[in-house]
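Q: Coordinates for the following, if possible.
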Amino acid sequence: MMNTAEHKPTLAARCAVLGSATLYEACGQPCAVDPQIRSLWPGAFIAAPAYPLVCSPGDNLSIHIALERAPRGSVLVVDTGDFIAGYWGEVLTVAAEAAGIVGLVINGGVRDVAAIGKRRFPVFARGVSVRGTVKASAPAIGLPMIFGGVPVAAGDLVVADDDGVIIVPAAAVAGTLQAGEARATKESVMMRQLSQGATTLQLMGLDHWRERA
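A: Coordinates of the predicted model:
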């Protein structure tokens, strides 16, 4: 008989089933990153521990250093002060894959979009820019910061998909997943009831609005 533990879904698999929107609702904390930071190609998905770093405007040295320091399985969360330039491209994508980095979330720009999409490397960025960067400073690597309006520290859970990016504090991950799965079950029941003729006003206790509207 096979050990049932072998069939337990991984954290990433559980997050993929639930998605960022459900996990956001379940978290109960301000965990939604600025919605201007979007997936570079449709279907990109990340669910992994954060490794935060800060780049000076137009300078990507911190990224190169982080690729040597970040634990395998991490997603790089890169603050650039919203400066749009090509901080990341195909070369860094190949380097990240070799280093075991599973994705990039950056509030700046990237380039080599077609090549990154072809490799199916998950990237979430504020923009795209052909402009290159210098390598002259490294303000912060691996330290807590505010990213897209949300606190992030090494080890926090980043979940990113076509709906957006959330960052769940490490201490809240277990509770968020449990609450998210309960919410998904409740919504599944609701959608079955809707298909059988119920209305959202009934199921959400909003009947009194019929007479007011």
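
Q: Now find how far off-centre whichever strand or helix holds L92 is within its chain.
A: Assigned by DSSP states H and E, L92 belongs to helix 90-99. Distance, stretch centre to chain centre, for helix 90-99: 19 Å (CA atoms, centre = their mean, to the nearest Å).

Q: just use 21 as the starting number from now, easier for me
A: Sounds good: first residue 21 from here, last item helix 110-119.

Q: Now it: buried residues?
A: Neighbour counts over helix 110-119 (16 or more other CB atoms under 10 Å) mark 110, 112-113, 116, 119 as buried. C-beta: built from backbone N, CA, C; applies to glycine.

Q: burial of K28, as a residue count?
A: By the criterion of other CB atoms under 10 Å, K28 has 10 neighbours.

Q: pLDDT at it, what is it?
A: With respect to pLDDT, K28 scores 70.

Q: still on that earlier bit, can I get the buried residues of helix 110-119 in CSV with distance to A145 and pLDDT?
A: Listed next are these as CSV, based on distance: CB to CB, whole Å; pLDDT from 0 to 100:
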residue, distance to A145, pLDDT
E110, 14, 98
L112, 12, 98
T113, 12, 98
A116, 14, 98
A119, 19, 98
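
Q: okay, the residues you listed in TSV with distance to S82 next?
A: Shown next, in TSV, are the buried residues of helix 110-119 (distance: CB to CB, whole Å):
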residue	distance to S82
E110	19
L112	12
T113	17
A116	14
A119	15
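
Q: My guess is T42 contacts A204. True?
A: Yes. At 5.8 Å, T42 counts as touching A204 under the criterion of CB atoms under 8 Å.

Q: between the two, which one's more packed in?
A: T42 (20 against 15).

Q: For whichever strand or helix holds the more buried one, list every residue counted as buried.
A: Taking DSSP H and E as the criterion, T42 maps to helix 31-47. By neighbour count with 16+ other CB under 10 Å, helix 31-47 contains the buried residues 31-32, 34-35, 38-44, 46-47.
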